[in-house]
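# would you be able to build a 3D model of this:
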Amino acid sequence: MTTATARISRPGHTAAKPARTPKSRERALAWARRAPLLPALIFLIVVTQLPFVVTLIISFLNWNSLSPTKTAFAGLENYVTVLTDPDLRQAIFTTILLTVSVVLASLLIGLGLALLLDKKFIGRGLARTLLIAPFLVVPVAAALIWKHALLNPAYGLINGILTWLWSLFGSATPPQLDLLSQAPLAAVAVSLVWQWTPFMMLILLAGLQSRPMDTVEAAQMDGATPWAIFRLLTLPHLRQYLELGGLLGAIYIVQNFDSVFTLTAGGLGTANLPYAIYQTFYYANEYGLASAAGVVVVIGTIIVATFALRTVFSLFKKEAAR
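Below you'll find the predicted structure:
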């Protein structure tokens, strides 16, 4: 009997455990790092993903809460209805129109404000604080401010200013605007632009302050005009920040419900898709159809969010390469 065999055959002697390979140690360390995140991941799945899965299942059902016994599988019928029903199709068009107009206007005004705040002047900190304030207002409160304090035709600030200006010239018949009834969609867009312009301004101001100033100074020394510097240096540098602001703004504005509900209650052609979902769910009691419309909104948001994440990652790579 060899020595090794004798050692194994001795009573009470156990074989030595094999040493861990480098790959197994790496996997163990990786799981040790991920373990503290598991409770948060489970909570996130329960709160967000499970309700979405339930919504997705309901979207394939013909389910009206007024006739619960007639619930049946509907296949893609609800999705076809979302895309063919005149009211829902109009809500989709209104959502796209509102999102595009608000994002473009907010970007243009935010770019102008960012260019102004990038200059040094007395009271710049106070000006930044005041310009950021609209973004910090609760959306419902912002809509109420515009509905009653600014746009009301009887006692609103806008018509009050017009009355005062016309009285300076001796006129007793000033124009009295009523945007909420004459141009309701424009009124909703104006309130959203007022609230989202500070967000765009902050992103673009961060982009302006990350410019390579040595290139700008070299262009100034070579005699380049301010417009040429803006067009050839500043604007190309801000391209990714403009894309990021537009994509993030679109993600939030496409889901906007507060302004439409508070200002117009979806009347006069202002009902966007989130408000149409609210009407379908609470007034028509069509749970399946409302769920299908909600899934359409989520899919559109995911598509936009994918481009936003790509822009964010490209900005991170650009900063890391410096």
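
# avg pLDDT for stretch 183-191?
Stretch 183-191 carries an average pLDDT of 91.

# run through who's touching it.
Under the criterion Cβ atoms under 8 Å, 6 or more residues apart in numbering, residues 94, 97-98, 101-102, 105, 142-143, 146, 151, 179-180, 259-260, 263-264, 267-270 lie in contact with stretch 183-191. For every residue, glycine as well, the C-beta is placed using N, CA and C.

# could you list the buried residues of the helix or strand harbouring T95?
Using DSSP states H and E, T95 sits within helix 86-117. Under the neighbour-count criterion of 16 or more other Cβ atoms under 10 Å, helix 86-117 has 88, 91-92, 94-95, 98-99, 101-103, 105-107, 109-111, 113-115, 117 buried.

# which secondary element of the protein has the worst mean pLDDT?
Ranking every helix and strand in the chain by mean pLDDT, DSSP states H and E puts helix 3-9 at the bottom, with a mean of 48.

# doesn't D118 make contact with Q209?
Yes: at 6.9 Å, Q209 counts as touching D118 under the criterion of Cβ atoms under 8 Å.

# quick one, which of those two is more surrounded?
Applying other Cβ atoms under 10 Å to Q209 and D118 shows that D118 carries more neighbours, namely 15 against 11.

# leaving out the residues flanking it, which one is nearest to the more buried one?
Counting by Cβ to Cβ, 6 or more residues apart in numbering, D118 lies nearest to L208, which is 4.6 Å off, once chain neighbours are set aside.

# mind checking pLDDT for the one you found?
88.

# helices of the stretch 201-322 of the chain, start to end?
If DSSP state H, counting those that start in this stretch is used as the criterion, the helices of the stretch 201-322 of the chain fall at 213-221, 226-229, 235-253, 258-263, 273-282, 287-321.

# closest one to V54 among those helices?
Nearest of these to V54, taken as Cβ to Cβ: helix 287-321 at 8.6 Å.

# so which bits of the closest one are buried?
For helix 287-321, the neighbour count (16+ other Cβ under 10 Å) marks 287-297, 300-301, 304, 308, 311, 315 as buried.

# that helix - contacts with which helices or strands?
The contact analysis (3 or more Cβ pairs under 8 Å, 6 or more residues apart in numbering; DSSP states H and E) places helix 287-321 against helix 50-58, strand 61-62, helix 77-84, helix 235-253, helix 273-282.
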